[in-house]
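**Student:** Make a model of this:
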Amino acid sequence: MSRSSRLLRLLHAMRTLAGPITAARLAEETGVSPRSVYRDIDALRAAGAQIEGERGYGYRLLEDPALPPQMLDEDEIEVLALGLAEVRAWGDPALAQAADSVLAKIAATLPDDRERQLLHAIAQVFRPEPRYILDFDLAPLRAACWREQAIDICYVDGDGARSQRTILPLSLFYTEECVTVLSWCCLREDFRMFRTDRIAEVRPNGASFRPRRVPLLRDYLARLRERRGSAAMAAQRTSHAATDRA
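**Tutor:** Numbering: from 1, shown residues only. Alright, predicted model coming up:
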């Protein structure tokens with residue numbers, strides 16, 4: 001393997017694996033020795049890549065100017081075009097505008113043939129109308145998620161009853177019907193999904209819950225996997241019981 005190919009493979013591994021990534025894990029992923037990984041990381045840093053970390057701790061790629069969009073292949077460009085088109089179809093004006101900006105910026109860096117493919121992609125999304133019209137400003141929720149700041153909300157449930165909640169906003173979920181905010185509810189002391197179309201008021205309260213956001217998200221996703229696994233096992237037992245009766 002040439003040195004340039006090895007460096008590109010290392011960059012790809014650092015882009016796709018969750019950091020911090022140990023040298024041993026990078027060596028396994030790229031098929032070289034840990035000592036070669038250390039040398040290659042030094043070479044990438046010298047070339048301008050911003051890589052955080054050190055031996056014994058692990059590494060994280062912060063910024064990678066050495067691997068521009070020109071490296072995208074045809075399938076990756078189709079994925080990019082399809083994903084941006086889908087974002088524009090959700091009905092979130094801020095993200096739709098950001099998607100157009102991303103498309104223009106990436107197209108400007110591509111060779112002519114790749115630019116044409118991106119702007120006239122095979123994969124298309126057609127929706128005569130957005131999934132829903134958002135009349136709720138998501139900017140405060142996005143900011144609270146990123147800054148890991150608790151907020152106070154006034155929430156209206158399906159029966160019209162109002163309640164005051166203090167929540168730790170973790171993530172925005174775009175579903176078929178609406179946008180919901182996954183949160184840790186301080187009142188219920190558990191995870192809750194709040195529909196943004198039922199949030200009557202949002203007030204930042206200044207309390208920080210950093211760095212709990214990522215661990216809480218991992219906990220929630222782990223619970224989902226457990227529930228799905230239990231449901232699958234229950235369905236399997238029901239199927240076996242039906243077969244036995246037959």
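
**Student:** Quick check: can you list the domain ranges of the protein?
**Tutor:** Annotated domains of the chain cover 3-63, 70-119, 134-246 [automatic domain parsing].

**Student:** avg pLDDT for the last one?
**Tutor:** Mean pLDDT, computed over domain 134-246, is 88.

**Student:** So what's the gap between it and the chain middle?
**Tutor:** Relative to the chain's own centre, domain 134-246 is displaced by 16 Å; criterion: Cα atoms, centre = their mean, to the nearest Å.

**Student:** who are the neighbours in contact with the residue most central in space within the chain?
**Tutor:** Nearest to the centroid of the C-alpha atoms of the chain, with distances taken as Cα atoms, centre = their mean, sits residue 171, at 9.3 Å. Residues in contact with residue 171 (Cβ atoms under 8 Å, 6 or more residues apart in numbering) are 145, 181-182, 217. The C-beta positions use only the backbone N, C-alpha and C, and glycine is treated the same way.

**Student:** Redo those residues as TSV? Include secondary structure, distance to residue 36 and neighbour count.
**Tutor:** Formatted as TSV, the contacts of residue 171 follow (DSSP: H, G, I helix; E, B strand; the rest coil; distance: Cβ to Cβ, whole Å; neighbours: other Cβ atoms under 10 Å):
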residue	secondary structure	distance to residue 36	neighbour count
145	helix	39	20
181	strand	45	24
182	strand	41	20
217	helix	34	15
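
**Student:** Now compare those and name the two farthest from each other.
**Tutor:** Farthest apart among these by Cβ to Cβ are 181 and 217. That separation is 12.5 Å.

**Student:** who touches both of those two?
**Tutor:** 170-171.

**Student:** Leaving aside the residues adjacent along the chain, what's closest to residue 164?
**Tutor:** residue 154 (5.9 Å; Cβ to Cβ, 6 or more residues apart in numbering).

**Student:** what are the bridge partners for that neighbour, then?
**Tutor:** Beta-bridge partners recorded for residue 154 (DSSP bridges): residue 164, residue 201.

**Student:** Out of the contacts of residue 171, the closest to residue 9 would be?
**Tutor:** Among the contacts of residue 171, and counting by Cβ to Cβ, the member closest to residue 9 is residue 217, at 29.3 Å.

**Student:** quick one: the closest one and residue 169 touch, right?
**Tutor:** No. Using Cβ atoms under 8 Å, residue 217 is not in contact with residue 169, being 11.0 Å away.

**Student:** Now do the shared contacts for the two.
**Tutor:** Joint contacts of residue 217 and residue 169 (Cβ under 8 Å, 6+ apart) are residue 182.

**Student:** quick one on the thing from earlier: any chance of the domains of the chain in JSON lines with distance to residue 127 as columns?
**Tutor:** Formatted as JSON lines, those follow (distance: least, Cβ to Cβ, whole Å):
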{"stretch": "domain 3-63", "distance to residue 127": "30"}
{"stretch": "domain 70-119", "distance to residue 127": "4"}
{"stretch": "domain 134-246", "distance to residue 127": "12"}
